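[1] model the following, please.
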Amino acid sequence: MAYPKNSRTVYSILMLVCIIGFWLFENFYTPATYSNSKEDITANNFPIELLPMSTTGEIVKHEHFTLSYNEPYEQAEWVAYTLRKSHLTYDDRKRPYFIEDPFVSSKSADWRNYKGSGYDRGHLVPAGDRRFSLQAYNETFYTSNISPQDREFNAGIWNDLEQQTRRWAKQYGTLYVFTGGVLENGLEEIGQEDVDVPDVFYKIIVRKKGEKIYALSFLIPNKPQVTSLRNFVVSVDDIEKETGIDFFVELPEKQQNAFEGSKNTTVWKF
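    Take a look at the predicted model:
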């Protein structure tokens, strides 16, 4: 059946409008935001001298944490945040939607990449550490702050480590926490954007006493674990070798050497 010429013209115009619309959406759409505005984000009280290097140059500072985004892997290579005893409240917060990070220049991965993958949308900065403020809580639901995690790992030993970190904050006061997956070639990928699934996750926990720095570091495989957290203690040097990231790069080398090679757990009560 032949269609009138004017019908074919209208159809062609509609198709062209749809194509242009999709292109504009993909290239110029700005996701919703849980932060007030980019101009309002001036500081999040994380000491600049403790920040790691960024292998990508894509450092994003939110109001309550900082991250370095690694676009090829579609996730942060590290997040850094301050955890104080005063942060540990039991305020009831409604879980918001996961949304793309509007301050990542390439846009962070869409949450739908995780749908049906079998992996959890694992928080790097735990939402439970940020209940003290609605905005602080909501910011943890930017997809720049999530990484694919095995469900039993996420609900098991990783959750144990997050809870233990809160206990240390209650006991010792202010902590500085760094978290991420070990991003390397050959990882499993999920979703249309090929979000990489880290085989291993790390966490570095730091506290200061005067000029002295105490660090405790963990490397834990992204799979179910039925053993003590102590069995995953490593040195900061070990994590640097695994990730290729230089932590505490702004500190004098002598000060770095004093703690980066240590696996000493005696000053941390488990």
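
[2] low-confidence ranges, this protein, go.
    Where the chain drops to pLDDT under 70, the residues are 1-32, 35-44.

[3] what about the helices in it?
    Ranges of helices within the chain are 5-28, 134-139, 151-155, 157-172, 236-243, 253-259, based on DSSP state H.

[4] which positions within the second one qualify as buried?
    Think helix 134-139. Across helix 134-139, burial judged by 16 or more other CB atoms under 10 Å covers Ala136, Tyr137, Asn138, Glu139. To be clear about C-beta, it is placed using only N, CA and C from the backbone, and glycine gets the same treatment.

[5] what does that helix contact?
    Residues outside helix 134-139 that contact it (CB atoms under 8 Å, 6 or more residues apart in numbering) are 34-36, 62-65, 93, 96, 125, 127, 130-131, 145.

[6] I figured Gly244 hits Thr55, correct?
    Yes - under the criterion of CB atoms under 8 Å, Gly244 makes contact with Thr55 at 6.2 Å.

[7] between those two, point out the one with more neighbours.
    Counted by other CB atoms under 10 Å, Gly244 and Thr55 do not tie: Thr55 has more neighbours, with 15 against 12.

[8] the more buried one and Tyr69, how far apart?
    Distance of Thr55 to Tyr69, given as CB to CB, to the nearest Å: 11 Å.

[9] equivalent analysis for Arg207, please.
    Per CB to CB, Arg207 is found 27 Å from Tyr69.

[10] between Thr55 and Tyr69, which contacts overlap?
    Taking CB under 8 Å, 6+ apart as the criterion, Thr55 and Tyr69 both touch Glu77.

[11] quick check: domain ranges of this protein?
    As given by automatic domain parsing, the domain ranges for the chain are 1-30, 34-259.

[12] which residues in the protein form strands?
    Listed in chain order, the strands of the chain (DSSP state E) span 59-61, 66-70, 75-83, 119-123, 146-150, 175-181, 188-190, 195-197, 200-209, 212-221, 233-234.

[13] closest to Phe259 out of the ones you listed?
    Taking CB to CB, strand 212-221 is the member of the strands of the chain nearest to Phe259, at 5.0 Å.

[14] neighbours around Gly186, how many?
    As a burial measure, Gly186 scores 7 neighbours (other CB under 10 Å).

[15] who has more neighbours, Arg207 and Tyr69?
    Taking neighbours as other CB under 10 Å, Arg207 and Tyr69 compare with Tyr69 leading, 26 against 20.

[16] across the sheet, point out what pairs with the more buried one.
    Following DSSP bridges, Tyr69 is listed with bridge partners Ala76.

[17] contacting residues around it?
    Contact analysis of Tyr69 by CB under 8 Å, 6+ apart lists Thr56, Glu58, Ile59, Val60, Gln75, Ala76, Glu77, Asp101, Val104, Ser106, Ser108, Ser144.

[18] what residue is smack in the middle of this structure?
    Closest to where the C-alpha atoms of the chain average out (CA atoms, centre = their mean) is Asn145, at 3.3 Å.

[19] in terms of contact, does Gln75 touch Ile146 like I think?
    Yes - with contact defined as CB under 8 Å, Gln75 reaches Ile146; the gap is 7.2 Å.

[20] okay, these two: which has more neighbours?
    Gln75 (27 against 24).

[21] what is the burial count for the closest residue to that one other than its chain neighbours?
    Excluding the flanking residues, the one nearest Gln75 by CB to CB, 6 or more residues apart in numbering is Ser147, at 4.8 Å. For Ser147, the count of nearby residues is 30 (other CB under 10 Å).
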